[in-house]
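Participant: okay, here's the prediction I keep looking at, along with the sequence it came from:
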Amino acid sequence: MALSTFAKLIREAGDRSARENGAEFGAGVQTCLAMALGRLADYSSSLCMWAPAGEFVAHTFGRQALPMVWDFAEVNPLSDTGWNGACEWVRRVLEATSEAKLSPGVVAQASALNQPLPTDSVDATITDPPYYSAIPYADLSDFFYGWLKRSVGTVHRELFLSETAPKDEECVALSHRAAMYRQKDASWFEARMAEACADSRRITRDSGIGVYVFANKETKGWEAMLGALIKSGWVITASWPIDTERGGRLRAHNSAALASSVHLICRPRTGFEVSKNATEIGNWRDVLHELPRRIHDWMPRLAQEGVVGADAIFACLGPALEVFSRYSVVEKASGEAVSLGEYLEHVWAAVAKEALALVFEGADATGFEPDARLTAMWLWTLMSPDSSSNSEGDNELEFDDEADGNKPKTGGFKLEYDAARKIAQGLGAHLESLTHLVEVSGDQARLLPVSERTKHLFGKDEEEPARTTGRKKSVAQLDLFVALTGSEDAEIIWKEKTVKRLGETTLDRVHQAMILFAAARGEALKRFVVEDGVGQDGKFWRLAQALSALYPSGTDEKRWVDGLLARKKQFGF
Ligand SMILES: C[S@@+](CC[C@H](N)C(=O)[O-])C[C@H]1O[C@@H](n2cnc3c(N)ncnc32)[C@H](O)[C@@H]1O
C-alpha cells in the first residue's frame, strides 16, 4: 500500500516538476524519486532481517538471492530507514557524481547478442557478463521492475515495454532451477555467450581491447566463459583479480569464493596476429612447452602484488590462455584439435607446481608425498590476501568447533569437488586414494580437520576414550575439541602413551605431532620427535613450517602446528 502510494505520488511530482521546470527536468526528478522507491522496496519485504550486531534492519538483497528466512523486521516507510533514508542515499549519489564531473552517458536496453552499435566503431568494450549459473538476474530484477514500471514507466517507455524483465535471451545456465529454463544448460550458455562476445568483437576495432569481468567458483563456469571468448575471436592476454565487492557483503560459507572479480583482458585475434605474426593453427607441443615458462614468470609477480590462493590461480589464466587462444585452433601431431578443457587441465597442473614452489620456498616440492602436496595446495587455494589477519568471522572457511555427535561433520576446509579434483590431478594425486585426508560428498570436497584424522593416525587404541566416572557415555571419539576444553577432559580421552605406529608419510607424522601437542601429551610428543627420530628428518620441519603459513589464523591447526614449531629448539633441532 505504501509503495503503491509512493509510486503514484512520484508520478505526480514528476508531472508537476515538468510543468514548472520543463519536461527534461521533470523526467530527471521522477527518475531519481523512482530510484528511492526501489531502495524503499528493498527495505520493505518480509525478507528483511534484524541485524543484531549493528542494530538495524538489513535490506532484502544482502546477497543476490531471495532466501527463506524465519523472521523479519518491518520498517516504518516514513522513517529514516524508510523513504527519508532512501532519498538521502539518492541525494548522496547525485552529489558525488556531479562533483566527479563525469561526461554524460547514454543508456539503451538491448540484448548483448545484437548490440545497437556499428561494426568497428569502438576502441573498448567493457562488460560484466552473467556469471554462468550463479545468479538468476532477470528473475531477481522483477523485484524492482514492477515498482519502477509504475513510478517511472511513462517517462522511459522503451525500457518497460514488457510486463516483467526480459528473460528469453538472458545468457544464464539455469536449466537446473526451473522448467521454464529447461533449455538453458551449459552448452546453451556457451553458445549464446559466444554470440554475445562475437558481437562485442564485431563492434570493436582491430586495435581495440575487450574487458570481461567474471567470477565463478565452478570450474565448469570458467570453461564455458573462456570457451565462448576464444570461439568468438578474442585472444585472452591477461587476467587481473580486482576487489569489486564491499567488505561487509554476506558471503557463501564453505567455499573458495573469490575475494574479487577477475577482469579478463582480451584483444581481437585479427589485430593480435598481425602484431605477433602468429599462424591460425597452433602446435600442441609448442603450446605445452611455453605454458610452464609463462606461469613460472608470472607467479612471483602475483605473489609480490599480494595475489594469492584461488585469486592467483585465476590470475594465471590470462597469461596461460594467451599461449592457447592466440590460435583459433591448437592441434596435436595427429591433427586432432585440443579442447579447452584438456588445455585447462595442464594449466591447473602448471599453476599447482609453481604455487607449491612458492609455498615451500624453493624447496623441491616433489620431495613431499602427494598428501602433503595436496594439503598445501588446498590450503593455498583457500587463502585470501587477508586470511592471515582476518578475524571478523567473514572468512570463507568454516571450521566448526562445536563437535556434536548428532550433527553432520562440517569442519575442515571445503572446496568444490571439481576444483579439488583438478588440483589433485595437477599434483599427480588421486582423491579416491586419499580418503583418510579428503572426504567427498556431492559436489563438495572436504579436507578433513586434523582432529578427524586421529583414528587413521593412531589406530584403534588411542581413538578409544577411556571411560571414567563422572563422564556420561562415550565422548565422541575424535572429539579433540571437547578434549581440549580442559585438562581434565584431556586426561579422560588421552591416556599417556607412546606412539606405536609412526605415520607413513611426512604429513601423517606432522599431524601426529600436532595432535600430541593438542592433547597436551608433552612427554609423548618429545619421545615421538626426539627418541623415535621423527625430528631428524628435515622435511618434517619444512612441512610444519609451510603448514604454519597456510593454516588460517584462528584455526586449531594453526595453533597446534605453531605449538609444535615452538618446541623445535627445546627438542634440540
Ligand atoms: C553480472 S550482471 C551485471 C551486474 C552489473 N555490473 C551491476 O553491477 O549491477 C550480468 C547482467 O547481464 C544480463 N544479461 C544476461 N544476458 C544478457 C543478454 N543477452 N543481453 C544483455 N544483458 C544480459 C543479466 O541479466 C545481468 O543483469
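Facilitator: All right, it came through fine. Model, not experiment: these values are computed from the prediction. Numbers count the residues shown, from 1 in each chain.

Participant: what sits closest to Glu361 if chain neighbours are left out?
Facilitator: The shortest distance from Glu361 to any non-neighbouring residue, by CB to CB, 6 or more residues apart in numbering, is to Ala546 (7.7 Å). Quick note: C-beta positions are derived from backbone N, CA and C, even for glycine.

Participant: can you tell me what sits against the helix or strand hosting that neighbour?
Facilitator: Ala546 belongs to helix 538-550 when assigned by DSSP states H and E. Contacts of helix 538-550 with the rest of the structure, by CB atoms under 8 Å, 6 or more residues apart in numbering, involve 359-361, 363, 367-368, 372, 375-376, 379-380, 383, 506-507, 509-510, 513, 534-535, 557-558, 561-562, 564-565, 568, 573.

Participant: measure the closest residue to the ligand within the stretch 301-450 of the chain to Arg421 for me?
Facilitator: Proximity of the stretch 301-450 of the chain to the ligand (CB to the nearest ligand atom) peaks at Phe314, 16.0 Å away. Computed as CB to CB, to the nearest Å, the Phe314 to Arg421 distance reads 17 Å.

Participant: which of these two has more neighbours?
Facilitator: Taking neighbours as other CB atoms under 10 Å, Phe314 and Arg421 compare with Phe314 leading, 23 against 20.

Participant: and the more buried one, what is it in contact with?
Facilitator: With CB under 8 Å, 6+ apart as the criterion, the residues that contact Phe314 are Trp222, Ser239, Pro241, Leu258, Val262.

Participant: show me those that map onto strands.
Facilitator: The subset of the contacts of Phe314 located in strands under the criterion DSSP state E comprises Ser239, Pro241, Val262.

Participant: lowest pLDDT pick from the residues you listed?
Facilitator: Of all the ones in strands among the contacts of Phe314, the model is least confident about Pro241, whose pLDDT is 80.

Participant: what's opposite it in the beta bridge?
Facilitator: Taking DSSP bridges as the rule, Pro241 bridges to Val262.

Participant: which parts of the helix holding Ala546 are buried?
Facilitator: Lys539, Phe540, Trp541, Arg542, Leu543, Ala544, Gln545, Ala546, Leu547, Ser548, Ala549, Leu550 (16 or more other CB atoms under 10 Å).

Participant: so which of those residues comes closest to the ligand?
Facilitator: Out of these, the one with the shortest distance to the ligand is Leu550. That distance is 31.6 Å, counting by CB to the nearest ligand atom.

Participant: quickly list the domain ranges of the chain.
Facilitator: Domain segmentation of the chain under automatic domain parsing yields 1-105+142-157, 450-573.

Participant: span of the shortest one from start to end?
Facilitator: Across domain 1-105+142-157, the straight-line distance between its terminal residues is 24 Å, by CA to CA, to the nearest Å.

Participant: nearest spatial neighbour of Cys316, chain-adjacent residues omitted?
Facilitator: Here the nearest residue to Cys316 in space, its sequence neighbours aside, is Val351; by CB to CB, 6+ apart that works out to 4.9 Å.

Participant: most widely separated two among the contacts of Phe314?
Facilitator: Using CB to CB, the contacts of Phe314 reach their maximum pairwise distance at Trp222 and Pro241, which is 13.1 Å.

Participant: poorly predicted segments of the stretch 1-150 of the chain, please.
Facilitator: For the stretch 1-150 of the chain, not a single residue meets the criterion pLDDT under 70.

Participant: what does it put close to the ligand?
Facilitator: Contact residues (CB under 6 Å from any ligand atom) of the stretch 1-150 of the chain with the ligand: Ser111, Ala112, Leu113, Asp128, Pro129, Pro130, Tyr131, Tyr137, Ala138.

Participant: which one of those residues has the most neighbours?
Facilitator: For those, neighbours were counted using other CB under 10 Å, and Pro130 has the most, 23 neighbours in all.

Participant: looks like that one contacts Glu169 (just checking).
Facilitator: No. In this structure Pro130 lies outside contact range of Glu169 using CB atoms under 8 Å: 11.1 Å.

Participant: any idea how far stretch 533-553 is from the chain center?
Facilitator: Between the centre of stretch 533-553 and the centre of its chain there are 28 Å (CA atoms, centre = their mean, to the nearest Å).

Participant: could you name the helices and strands sitting against the host helix or strand of Lys8?
Facilitator: Per DSSP H and E, Lys8 falls inside helix 2-21. Counting by 3 or more CB pairs under 8 Å, 6 or more residues apart in numbering; DSSP states H and E, the packing neighbours recorded for helix 2-21 are helix 23-42, helix 137-152.
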